[in-house]
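Undergrad: Provided below for reference: sequence and predicted model.
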Amino acid sequence: MAILQMVAVIVISILLVKPVGSYIYHVFSDRPNRTDKIFGPLEKGIYAFSGLRKRPHMNWKRYAISLLLTNVVLLAVSYIILRIQSGLPLNPNGIGDMQPTLIFNTVIAFMSNTDLQHYSGETGLSYLSQMVVIMMMMFTSAASGIVVAIAIIRGITSKGKTLGNFFTDFVKVHTRLLIPLAIIVTLLLVALKVPQTLSPTVEATTIEGQHQKIAIGPVASLVSIKHLGTNGGGFFGVNSAHPFENPNPLTNVIEILSMCCIPMALTYTFGKFAKNQKQGWVIFGAMFILFIGFLSAAYTAELRGNPAVNALGIDASQGSMEGKEVRFGIAQSALFTTVTTAFTTGSVNNMHDTLTPLGGLVPLALMMLNNVFGGDGVGLINMLMYAVLAVFLCGLMVGRTPEFMGRKIEAKEMKLIAIAILIHPFIILAPTAIAFLTDLGKGAISNPGFHGISQVLYEYTSAAANNGSGFEGLGDNTPFWNISTGLVMLFGRYISMVALLGVAGSLVSKQWVPETIGTLRTDTKLFTGILIGVVLIIGALTFLPALVLGPIAEHLTLLK
């Protein structure tokens with residue numbers, strides 16, 4: 001029955017790939033379609049109000065600068081609001097201002113689509129901050145990832161000279177995709193008893209006669225976009241393990257499908273732009289095979305439970321339920337854990353700190369790879385980056401100039417791809433080492449053993465992959481952790497984005513090369529296998545030693 005639950009959710013998510021992917025293609029194809037009649041007048045009003053009546057196509061540099069400047073402005077506005085939230089309206093519970101380094105961490109976390117939370121939502125933010133800052137950045141950060149993916153797809157597949165207009169794409173992704181989907185999911189969640197209110201905390205009397213304050217608020221609207229936008233930041237400190245955010249198995253399924261729908265569908269969108277749907281299915285297939293492998297590992301590890309506990313003769317038929325909600329059980333907890341880190345959402349419905357060592361290795365490995373579907377837009381462009389790398393490596397082996405999608409891959413593209421690939425392990429492993437070399441870093445660790453290594457490694461991996469989930473055993477609300485993870489999130493988000501926009505800009509300006517008998521086909525099952533192999537080899541070479549020191553060593557100690 002447990003396996004059937006997971007299979008049912010996965011099948012539904014696959015069935016959504018084609019319709020959602022086709023819809024996204026029509027939104028960004030720049031061809032007239034029926035959605036123009038619905039959303040066109042609204043968008044014209046936005047363009048007129050913003051002074052964007054003329055929206056010429058951009059080269060990759062202008063596209064990247066427009067992205068960065070828009071994000072900087074939104075980040076600055078958000079910082080100011082959090083700095084003075086105690087004096088602003090919609091603060092019925094009298095929540096004070098945040099500490100400056102925590103604000104620095106929070107605004108970067110939500111602008112970078114990471115949503116790392118070193119605070120507890122219900123006690124750290126007013127309703128105004130939750131709606132105007134957090135929800136606003138959940139929309140804009142997801143939109144930034146999607147439009148960059150669309151621009152890169154155009155660069156790889158089109159025969160034009162530009163990547164489109166950033167502001168046109170940015171408006172469309174809000175009006176035609178994120179906001180309509182968020183409204184639908186919000187209504188579903190409200191119907192399933194997720195709170196949506198501006199009322200202050202509820203006063204309740206317990207069975208013992210004690211008075212208790214129960215936090216509520218505009219929960220459903222935040223939960224919808226946090227999953228659709230692969231954001232992950234919870235309204236409550238315990239995120240989707242809280243019964244108000246995720247009250248029952250049905251809401252759990254809705255939240256999982258919300259995380260999956262856009263990243264999975266973008267592979268189909270890529271195929272539509274390429275005018276060769278096999279190209280999209282190759283990318284999807286590589287991601288899906290990796291996803292199923294990691295899901296199987298997580299479910300098996302949690303079902304078998306803790307080896308040390310099992311050795312005591314304690315009944316382990318229910319698996320390891322430590323840190324999990326009974327209403328979800330092993331299956332939906334393992335599925336949620338795998339989805340939230342494969343799709344780099346960061347939302348959690350169980351405590352990752354209490355996963356078995358091998359169960360905890362799965363989310364770590366998925367964030368280290370950062371391309372098994374990944375976040376909105378970012379996962380696709382990371383896998384396309386590995387596809388170009390795979391073509392390049394195969395070309396070197398046979399002594400031919402590598403080509404991808406009809407364009408030659410040369411030194412300039414490979415230098416930019418090398419930057420994007422190398423920056424990810426560097427901003428994970430270097431800060432992890434620094435944390436262990438300083439008292440400021442070591443002082444936050446709650447477990448001095450191998451698990452403590454996993455805690456620190458997980459924190460920086462989550463920040464670099466723009467995931468946001470945590471082992472939560474780390475005392476991370478300190479200036480050292482707020483500043484260091486803030487910088488990691490910043491570099492992890494924008495360096496790779498700009499580098500890959502540069503690759504797209506270089507490819508789009510190249511002459512299209514017709515396919516010959518010597519061209520490596522990238523729309524075959526063989527290339528799917530090559531792509532999976534390249535991803536796993538690069539991942540193992542960069543991260544396996546660190547994993548051996550953390551979860552693998554911890555697992556071996558439990559076998560004694």
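TA: Received the coordinates, thanks. Treat the numbers as computed from the prediction; the structure is a model and nothing was measured.
Undergrad: hey, let's count contacts and neighbours off CA atoms from now on
TA: OK.
Undergrad: dump stretch 87-102 to CSV, restricted to CA.
TA: Coordinates of each C-alpha in stretch 87-102 appear next as CSV, following Å, rounded to 0.1, in the frame of the first residue of the first chain:
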residue,chain,number,x,y,z
GLY,A,87,6.2,50.0,13.3
LEU,A,88,4.2,48.9,10.3
PRO,A,89,0.6,47.8,10.1
LEU,A,90,-0.8,44.2,9.9
ASN,A,91,1.2,43.3,13.0
PRO,A,92,-1.6,42.2,15.5
ASN,A,93,0.8,40.1,17.6
GLY,A,94,3.3,42.9,18.2
ILE,A,95,6.3,41.2,16.6
GLY,A,96,9.5,43.2,16.8
ASP,A,97,12.2,44.0,14.3
MET,A,98,14.7,41.4,13.1
GLN,A,99,18.4,41.5,14.1
PRO,A,100,20.4,43.0,11.1
THR,A,101,22.5,39.9,10.2
LEU,A,102,19.3,37.8,10.3
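Undergrad: which outside residues touch it?
TA: 82-86, 118-119, 123-128, 198-201, 477-479, 482-483 (CA atoms under 8 Å, 6 or more residues apart in numbering).
Undergrad: residue boundaries of the strands in the chain?
TA: Listed in chain order, the strands found in the chain under DSSP state E are 202-205, 211-214, 403-404, 407-408.
Undergrad: save those as TSV, and put in distance to residue 546 too.
TA: Converted to TSV, these look like this (distance: least, CA to CA, whole Å):
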stretch	distance to residue 546
strand 202-205	46
strand 211-214	41
strand 403-404	33
strand 407-408	36
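Undergrad: pick the most deeply packed of those strands.
TA: Stretch with highest mean neighbour count among the strands of the chain: strand 403-404 (a mean of 22; mean count of other CA atoms under 10 Å).
Undergrad: helices or strands up against that strand?
TA: helix 378-398 (3 or more CA pairs under 8 Å, 6 or more residues apart in numbering; DSSP states H and E).
Undergrad: list of residues touching the helix it packs on?
TA: Contact partners of helix 378-398, identified using CA under 8 Å, 6+ apart, comprise 145-146, 148-149, 152, 263, 266-267, 283, 343, 370-374, 401-404, 409, 414, 417, 500, 520, 530-531, 534-535.
Undergrad: looking only at pLDDT, what's the mean for it?
TA: In this model, helix 378-398 carries a mean pLDDT of 93.
Undergrad: per-residue pLDDT, the closest residue to residue 361 other than its chain neighbours?
TA: Of all residues beyond its chain neighbours, the one nearest residue 361 is residue 551 (5.8 Å), with distances taken as CA to CA, 6 or more residues apart in numbering. If you check residue 551, the pLDDT there is 94.
Undergrad: residue 360 versus residue 551, what's the distance?
TA: 7 Å (CA to CA, to the nearest Å).
Undergrad: and if you look at residue 389?
TA: From residue 389 to residue 360 the distance is 29 Å (CA to CA).
Undergrad: cool, and residue 142?
TA: 26 Å.
Undergrad: what about these two, which has more around it?
TA: residue 142 (27 against 24; other CA atoms under 10 Å).
Undergrad: residue contacts, the more buried one?
TA: Per CA under 8 Å, 6+ apart, neighbours of residue 142: 113, 229, 230, 231, 376.
Undergrad: what about the last one, neighbour count?
TA: Residue 376: 33 surrounding residues under other CA under 10 Å.
Undergrad: contacts only, for it.
TA: Per CA under 8 Å, 6+ apart, neighbours of residue 376: 142, 143, 145, 146, 229, 230, 262, 263, 343.
Undergrad: which among those gets closest to residue 460?
TA: Among the contacts of residue 376, residue 343 lies closest to residue 460 (CA to CA), at 17.1 Å.
Undergrad: tell me, how many residues neighbour that closest one?
TA: Neighbours of residue 343 under the rule other CA under 10 Å: 31.
Undergrad: relative to residue 407, how far out is the nearest residue in space to residue 539 that is not next to it in sequence?
TA: Counting by CA to CA, 6+ apart, residue 369 is the residue found nearest to residue 539 once chain neighbours are left out, at 6.0 Å. Distance, residue 369 to residue 407, using CA to CA: 26 Å.
Undergrad: restricted to helices, list the contacts of residue 376.
TA: Among the contacts of residue 376, DSSP state H puts 142, 143, 145, 146, 262, 263 in helices.
Undergrad: report pLDDT for the fourth one.
TA: With respect to pLDDT, residue 146 scores 97.
Undergrad: same deal with the second one?
TA: According to the per-residue confidence, residue 143 scores 97 in pLDDT.
Undergrad: burial of the nearest residue to residue 273 once chain neighbours are set aside, as a residue count?
TA: Spatial nearest neighbour of residue 273, excluding adjacent residues (CA to CA, 6+ apart): residue 157 at 6.4 Å. When neighbours are defined as other CA under 10 Å, residue 157 has 22 of them.
Undergrad: same check on the one 5 residues further on?
TA: The tally of other residues near residue 162 (other CA under 10 Å) stands at 21.
Undergrad: what residues are up against it?
TA: 57, 58, 59, 60, 155, 505, 508, 509.
Undergrad: likewise residue 459?
TA: 469, 470, 471, 485.
Undergrad: OK, contacts around the last one?
TA: Right, residue 485. 105, 459, 460, 463.
Undergrad: could you redo the last one with a cut-off of 7 Å?
TA: Applying CA atoms under 7 Å, 6 or more residues apart in numbering, we find residue 485 in contact with 460, 463.
Undergrad: what's the answer for the one 3 residues further on, then?
TA: When the contact criterion is CA under 7 Å, 6+ apart, the partners of residue 488 are 427, 463, 464.
Undergrad: neighbour-wise, which of those residues leads?
TA: Neighbour counts for the contacts of residue 488 peak at residue 463, which has 32 neighbours (criterion: other CA under 10 Å).
Undergrad: of the strands of the chain, which is nearest residue 442?
TA: Of all these, strand 211-214 sits nearest to residue 442, with 34.6 Å by CA to CA.
Undergrad: in its sheet, what does the closest one sit against?
TA: strand 202-205 (antiparallel) (DSSP bridges).
Undergrad: list of residues touching the partner strand?
TA: Taking CA under 7 Å, 6+ apart as the rule, strand 202-205 contacts 211, 212, 213, 214, 215.
Undergrad: quick one on the thing from earlier: burial check on the residue nearest to residue 361, number of neighbours?
TA: 25.
Undergrad: about what we covered before: out of the contacts of stretch 87-102, which end up buried?
TA: Buried members of the contacts of stretch 87-102, counted by 16 or more other CA atoms under 10 Å: 82-83, 85-86, 118-119, 124-128, 200, 477-479, 482-483.
Undergrad: the helices in the stretch 101-250 of the chain, which residues?
TA: All helices of the stretch 101-250 of the chain, identified by DSSP state H, counting those that start in this stretch, fall at 121-124, 127-128, 136-157, 166-172, 179-191, 219-228, 249-274.
Undergrad: now do the fifth one: which elements does it pack against?
TA: Using 3 or more CA pairs under 7 Å, 6 or more residues apart in numbering; DSSP states H and E as the contact definition, the elements that helix 179-191 packs against are helix 219-228.
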